[in-house]
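mind folding the following:
(2 chains)
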Amino acid sequence: DQQVKQNSPSLSVQEGRISILNCDYTNSMFDYFLWYKKYPAEGPTFLISISSIKDKNEDGRFTVFLNKSAKHLSLHIVPSQPGDSAVYFCAALIISNFGNEKLTFGTGTRLTIIP
Amino acid sequence: NAGVMQNPRHLVRRRGQEARLRCSPMKGHSHVYWYRQLPEEGLKFMVYLQKENIIDESGMPKERFSAEFPKEGPSILRIQQVVRGDSAAYFCASSHQGQDQPQHFGDGTRLSIL
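Residues are numbered from 1 along each chain as shown, chains lettered A, B, ... in the order given. Model (predicted):
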């Protein structure tokens, strides 16, 4: 049962334009949503997160939008740069009494920025 | 660099052998998580540990796999009697105690079974 889904396996965007990566989820109990970026042969790098009680979080060129009613979130990167070419994973977690719990990942979207 | 350290980066084993993967969390982090990534798939949660305690092992296969995070030293993911299907990239992450603390990942151990 894939609780976090990234339906686009790949995306190509011209340098300088906006990149929009999408993610859908099915579990309404998720408390936080996160985006990670991954280069080949490296571990995922945390980019940005958003609490389920918010609808937008912005950090520099990265903005994450959350639509709880649609169970959908998106990551906007503007302007896109060649170094943004990587695989982007959407992830979600449920906060427990122990603190952070396991991350549930989507299958990733490979973003290619065209110079 | 005080990031999450995993070793070895690459590990080759023959079927039936044991594999030991090590993870040293970031300084000050008391939570450790192990994930597995199969080719063309996302990362799948395996186990969540705090010092000397397994908090959640719901993602661990019932047999052959075990994990520990002792009071001193790194966290160890141990796979006994490895099979071809164990070939994957294994990632460790760590975080601080508390809500909304992001997990920081190591660069993974790529396990290949001959």
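
which ones are touching the residue in chain A that chain B sits nearest to?
In chain A, no residue comes nearer to chain B than A:Gly43, which is 3.5 Å away by C-beta to the nearest C-beta. For every residue, glycine as well, the C-beta is placed using N, CA and C. Contact analysis of A:Gly43 by C-beta atoms under 8 Å, 6 or more residues apart in numbering or on different chains lists B:4, B:6, B:91, B:93, B:105-108.

that one and A:Asn97, how far apart?
Relative to A:Asn97, A:Gly43 is positioned 27 Å away (C-beta to C-beta, to the nearest Å).

hang on, the earlier thing: and the residue of chain A closest to chain B, that one's in a strand?
No. Under DSSP: H, G, I helix; E, B strand; the rest coil, A:Gly43 falls outside any strand and is assigned coil.

does the nearest residue to it once chain neighbours are set aside have beta-bridge partners, and which?
By the measure of C-beta to C-beta, 6 or more residues apart in numbering or on different chains, the closest residue to A:Gly43 outside its immediate chain neighbours is B:Phe105, 3.5 Å from it. Beta bridges link B:Phe105 to B:Ala93, judged by DSSP bridges.

in this structure B:Phe105 contacts B:Tyr90, no?
No. Between B:Phe105 and B:Tyr90 there is no contact under C-beta atoms under 8 Å: 11.1 Å.

low-confidence ranges in chain A?
Residues of chain A that meet the criterion pLDDT under 70 lie in A:98-100.

up against chain B, what does it have?
With C-beta under 8 Å from any C-beta of the partner chain as the criterion, chain A comes near chain B at residues A:4, A:6, A:31-32, A:34, A:36, A:41-46, A:49, A:51, A:89, A:95, A:98-108.

for burial, what's the neighbour tally of B:Gln6?
Neighbourhood size, B:Gln6 [other C-beta atoms under 10 Å in any protein chain shown]: 24.

list the buried residues of the host helix or strand of A:Phe33.
In this structure, A:Phe33 sits in strand A:32-38 according to DSSP states H and E. If you call a residue buried by 16 or more other C-beta atoms under 10 Å in any protein chain shown, then strand A:32-38 has these buried ones: A:32-38.
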